[in-house]
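Q: just coords:
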């Protein structure tokens, strides 16, 4: 798939229309992708007695099986979509089959791009691998492009990343942001420049290494010409800020602190961020390696972050790429809009790791809301997220 490049237009679509689009997308994805091509979901849905042809939309999700993290750990390969002639013939719509039959080599290339494994990225002890097709990498780049547009990064901006390049394909979170941000459309002009202190110039923010970078190298990079943003996990950002404080250094030219992860800083950490970059705006990026997907919170002044670290308008969701539910973890039933509960994720587009009602293991104190804000009508996930247990399965 090619990036849609329609973030601003999507944000202005009325809620009722977005919900209808989600209903239609879910019904097709469940029938033609999950049930037809996923060994896991074909088996699970049959065992649960679910007739996927009767699923009409999001309200029907509550009657479908939940996916636990243990399911992913047991056999992650079963969550890859695997088209076969029989599965496509029996489950794909007439128009889709006709396009494949008449499309020749170009249609074959598109099919391979959509479903052949492009890479297997090691993650950590939680999962043995993250499977990606070229289609999934396109999706990540689209998510990143949208994030850059949402943050309104200036043309030609220089972003300093504390996550090091690794491999050839982007990970989730900030990796998606930078993969899309370097598209000229992200800034309406020159592509953004990304550097990683101590490493080569990054093609994007690739990989998921968590080694602590050399703080002195990071500070030196921030002093370089045109540096306008710093990207880091909260703990690394706090280390850099403390080192700057100890050296009586400040970077008022920094316009952005892009923080990877949902955890809000404590007031002392946030105060150090203010000293590091007093004129900056802070944007948090939250996502999952398991899904994979990433959401961006609307930016706010760093001073506001220090005064109220947990405040925020919420992480903007991609309603055309995924569905989020908030459920009561005890009853497993959906809760009303804006009420607290566990976050449950369903993909509408992924091929390498297709997930239906995946329990993320995180608690959203203010749930999910659709009330329009300055970004438009898009749904937003609570800024206040925390693990449901001391060892969450998939929270970043």
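A: Nice, I can see it. Here the structure is a predicted model, which means the values were calculated and not measured.

Q: the stretch 1-150 of the chain: strands as residue ranges?
A: Per DSSP state E, counting those that start in this stretch, the stretch 1-150 of the chain carries strands over the ranges 117-121, 130-133.

Q: what is the rounded mean pLDDT of stretch 380-392?
A: Throughout stretch 380-392, pLDDT has a mean value of 78.

Q: against residue 29, how distant is residue 106?
A: Residue 106 sits 23 Å away from residue 29, going by CB to CB, to the nearest Å. C-beta coordinates here come from the backbone N, C-alpha and C atoms, glycine included.

Q: neighbour count: these two, which is higher?
A: Taking other CB atoms under 10 Å, residue 106 and residue 29 do not tie; residue 29 has more neighbours (21 against 8).

Q: just the pLDDT for the more buried one.
A: Residue 29 is assigned 96 on the pLDDT scale.

Q: apart from its chain neighbours, what residue comes closest to it?
A: Of all residues not flanking residue 29 in the chain, residue 348 sits nearest, at 5.3 Å (CB to CB, 6 or more residues apart in numbering).

Q: and residue 136, by the same measure?
A: Distances taken as CB to CB, 6+ apart place residue 352 nearest to residue 136, at 4.5 Å, with adjacent residues excluded.

Q: what about the closest residue in space to residue 12 that isn't next to it in sequence, how many neighbours?
A: Leaving aside its sequence neighbours, residue 12 sits nearest to residue 376 (CB to CB, 6+ apart; 5.2 Å). By other CB under 10 Å, 17 other residues sit near residue 376.

Q: quick one: contacts for residue 376?
A: By CB atoms under 8 Å, 6 or more residues apart in numbering, residue 376 lies in contact with 10, 11, 12, 13.

Q: now stretch 148-158: mean pLDDT?
A: 74.

Q: quickly find the element holding residue 362.
A: For residue 362, the host element (DSSP states H and E) is strand 358-364.

Q: before we move on, back to that, could you turn the buried ones of the contacts of residue 376 into a PyMOL selection?
A: Burial among the contacts of residue 376 is assessed by 16 or more other CB atoms under 10 Å; the matching PyMOL selection reads:
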select buried, resi 10+11+13
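
Q: looking at the contacts of residue 376, which one is closest to residue 69?
A: residue 10 (30.0 Å; CB to CB).

Q: surely the closest one meets residue 320?
A: Yes: the pair residue 10 / residue 320 is scored as a contact, 6.5 Å apart, by CB atoms under 8 Å.

Q: quick check: the gap between residue 11 and residue 316.
A: Taking CB to CB, one finds residue 11 at 8 Å from residue 316.
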